[in-house]
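Asks: okay, predicted coordinates and the sequence, questions at the end:
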Amino acid sequence: MPGVEIRELECFLVLAEELHFGRAVAGSG
């Protein structure tokens, strides 16, 4: 099912975004 792949990709993107945002906050702080 392509829906599952899309959902996995979205989860991965969200995780990567959170990780990057966390690093940015930690670096600036």
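Replies: That came through fine.

Asks: for this structure, give me the ranges with low pLDDT.
Replies: 1, 29 (pLDDT under 70).

Asks: what segments of it are helices?
Replies: 2-28 (DSSP state H).

Asks: ok, so what distance separates residue 22 from residue 28?
Replies: Residue 22 is 11 Å from residue 28, where distance means C-beta to C-beta, to the nearest Å. Placement of C-beta: from N, CA and C, glycine included.

Asks: more crowded one of these two?
Replies: Higher neighbour count among residue 22 and residue 28: residue 22, with 10 against 6, using other C-beta atoms under 10 Å.

Asks: need the contact list for that one.
Replies: Not one residue lies near residue 22 by C-beta atoms under 8 Å, 6 or more residues apart in numbering.

Asks: distance of residue 18 from residue 9?
Replies: For residue 18 relative to residue 9 (C-beta to C-beta), the value is 15 Å.

Asks: and if you look at residue 21?
Replies: 18 Å.

Asks: ok, now residue 19?
Replies: Where residue 9 is concerned, residue 19 sits at a distance of 16 Å (C-beta to C-beta).

Asks: do the same with residue 25
Replies: Residue 25 is 25 Å from residue 9, by C-beta to C-beta.

Asks: and for residue 16?
Replies: Distance from residue 16 to residue 9, by C-beta to C-beta: 11 Å.

Asks: cool, and residue 17?
Replies: From residue 17 to residue 9 the distance is 12 Å (C-beta to C-beta).

Asks: and stretch 19-29, how far from the chain's centre?
Replies: With C-alpha atoms, centre = their mean, to the nearest Å as the basis, stretch 19-29 stands 13 Å off its chain's centre.

Asks: then it to CSV, C-alphas only?
Replies: The C-alpha trace of stretch 19-29 is given here as CSV (Å, rounded to 0.1, in the frame of the first residue of the first chain):
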residue,chain,number,x,y,z
LEU,A,19,16.1,17.0,15.4
HIS,A,20,17.4,19.9,13.2
PHE,A,21,15.2,22.4,15.1
GLY,A,22,16.4,21.0,18.5
ARG,A,23,20.0,21.3,17.3
ALA,A,24,19.5,24.9,16.2
VAL,A,25,17.9,25.9,19.5
ALA,A,26,20.7,24.2,21.5
GLY,A,27,23.4,25.8,19.3
SER,A,28,21.9,29.3,19.6
GLY,A,29,21.2,28.9,23.3
